[in-house]
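Engineer: model this:
(one chain, ligands or ions: 2)
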Amino acid sequence: MSAAEAKDNVLIGVIGGSGLYHLDNLTFMKQVNPETPWGHPSSPISICALPSGTKVAFLARHGPGHAISPSAIPVRANIAALKSLGIRAILAFSAVGSLREEIAPGDFVLPSQIIDRTKGIRPCSFFEGTSIVAHASFGDPFSNKFVEWLEKPVREIIDAHGNGAKLHTGKCIICMEGPQFSTRAESKMYRAWGADIINMSVLPEAKLAREAELGYALIATSTDYDSWRENETTVTAAEVFKVLQTNANLSRTVAANILDELHEAAEEGHILTEEVGCMKYAIMPRSEKQKEEDIQKLSFVLPEYFKAN
Ligand SMILES: CSC[C@H]1O[C@H](OP(=O)(O)O)[C@H](O)[C@@H]1O
Ligand SMILES: Nc1ncnc2[nH]cnc12
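Structural biologist: Ligands and ions are numbered 1, 2, ... in the order given. Got it, this is the predicted structure:
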């Protein structure tokens with residue numbers, strides 16, 4: 001593949017969360033809005049070029065104008081649409097509440113574990129409703145090598161541009177069902193469970209990225225102390241909004257400085273060794289009970305294993 005052809009590859013998809021509706025330092029090239037078997041993504045996906053010419057895809061999780069609540073995000077369509085563009089890894093950003101004193105509003109976190117409080121409520125598998133059964137491994141819900149790779153460049157940017165913001169690693173994020181924030185009792189219970197930060201959107205995003213064999217890492221940006229602190233007010237949207245813009249600006253600086261190198265690392269493949277091929281033995285052996293229409297549907301997201309006729 002020539003260098004020019006390589007630059008045509010869009011290998012990294014960025015998902016922007018609350019406050020992060022575009023990236024900086026990019027030349028807009030085009031918008032695409034693929035129709036997937038699970039519908040259209042939250043927003044048209046922007047394909048943009050970095051100053052080097054490397055292309056990235058950007059998707060606003062809550063749609064244009066932040067019109068989609070966390071419980072209603074068409075996550076299967078988002079992940080399937082990104083995969084259909086040839087993306088290999090997703091770098092997701094999310095505004096989170098802090099469940100620990102040492103994670104202050106304005107700090108950034110690279111979590112390594114997740115607790116699911118959305119289970120059974122949101123569609124969380126491409127296989128749901130089909131005649132095909134699969135059990136993806138999810139013990140390590142983020143791509144370990146990708147997260148490890150991120151730590152150095154993200155820390156350097158935050159140290160240089162973060163006005164005292166810190167980067168925390170190896171933390172556990174709990175994903176709750178909104179749209180209301182947690183009660184004080186819930187917030188304290190999540191701390192007792194070992195959760196360090198909280199949001200409403202890392203799931204089913206991380207589960208579906210895994211099923212699609214895509215690398216997935218989250219840069220969590222802390223906006224508030226949720227509702228666990230005695231004698232302090234509980235989290236309000238107004239409090240979140242106060243910090244959102246500063247965090248979004250720093251997120252854009254991080255993205256602008258790491259995306260070229262991240263593209264290269266994805267191209268070399270060494271940060272994605274765990275994901276590629278992970279579904280091969282997760283799908284239950286084929287039987288005549290598997291319906292052609294389901295094979296067709298799954299071929300959109302896993303063409304490696306399902307061949308549409
Ligand atoms: C605006 S506060 C709650 C909202 O913020 C986070 O969104 P995102 O993860 O997309 O940045 C959180 O998950 C909730 O959806
Ligand atoms: N306290 C909180 N709970 C859930 N999601 C959040 N996003 C930002 N702050 C949050």
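
Engineer: can you name the residue of this protein nearest to ligand 2?
Structural biologist: Distances between the chain and ligand 2 by CB to the nearest ligand atom are smallest at Gly97, namely 2.3 Å. All C-beta spots, glycine's among them, are computed from the backbone N, C-alpha and C.

Engineer: not counting its neighbours along the chain, what's nearest that residue?
Structural biologist: Asp226 (3.6 Å; CB to CB, 6 or more residues apart in numbering).

Engineer: which residues touch that neighbour?
Structural biologist: Gly97, Ser98, Leu99, Phe181, Ser182, Ser187, Ile198, Thr234, Val235 (CB atoms under 8 Å, 6 or more residues apart in numbering).

Engineer: please apply the same query to Ala136.
Structural biologist: Lys207, Arg210, Glu211, Cys278, Met279, Ala282.

Engineer: let's see it at 10 Å
Structural biologist: Contacts here follow CB atoms under 10 Å, 6 or more residues apart in numbering; on that basis Ala136 touches 125-127, 207-208, 210-213, 278-279, 282-283.

Engineer: in strands, which of these appear?
Structural biologist: Within the contacts of Ala136, no residue falls in strands by DSSP state E.

Engineer: so which of the residues you listed reach ligand 1?
Structural biologist: Near ligand 1, judged by CB under 6 Å from any ligand atom, there are no entries from the contacts of Ala136.

Engineer: quick check, the residue in the stretch 1-150 of the chain closest to ligand 1?
Structural biologist: For the stretch 1-150 of the chain, CB to the nearest ligand atom, closest residue to ligand 1: Gly17, 2.3 Å.

Engineer: where does that residue land on pLDDT?
Structural biologist: Turning to Gly17, the model gives it a pLDDT of 97.

Engineer: got the residues of the stretch 201-309 of the chain near ligand 2?
Structural biologist: Contact residues, the stretch 201-309 of the chain versus ligand 2 (CB under 6 Å from any ligand atom): Thr223, Asp224, Asp226, Val235, Val240.

Engineer: tell me which of the residues you listed fall in helices.
Structural biologist: Val240 (DSSP state H).

Engineer: quick one, what contacts the residue nearest to Ile121 when sequence neighbours are not counted?
Structural biologist: Leaving aside its chain neighbours, Ile121 sits nearest to Glu177 (5.5 Å; criterion: CB to CB, 6+ apart). By CB under 10 Å, 6+ apart, Glu177 lies in contact with Pro70, Ser71, Asp116, Arg117, Thr118, Lys119, Gly120, Ile121, Arg122, Met200, Leu203.

Engineer: could you rerun that using 8 Å?
Structural biologist: Ser71, Arg117, Thr118, Ile121, Arg122, Met200.

Engineer: repeat that for Leu20.
Structural biologist: Ala60, Phe93, Ala248, Ser251, Arg252.

Engineer: tell me which of the contacts of Asp226 fall in strands.
Structural biologist: Gly97, Ser98, Ile198.

Engineer: pLDDT score for the residue lying closest to the last one once chain neighbours are set aside?
Structural biologist: When you say that, I think you mean Ile198. Among residues not flanking Ile198 along the chain, Gly97 sits closest, at 4.5 Å (CB to CB, 6+ apart). On pLDDT, Gly97 comes in at 98.

Engineer: for Gly97, give me its contacts.
Structural biologist: Per CB under 8 Å, 6+ apart, neighbours of Gly97: Phe181, Ser182, Ile197, Ile198, Asn199, Ser222, Thr223, Asp224, Tyr225, Asp226, Val235.

Engineer: the fifth one contacts Ala220, correct?
Structural biologist: Yes - taking CB atoms under 8 Å as the contact criterion, Asn199 and Ala220 are neighbours in contact, 6.9 Å apart.
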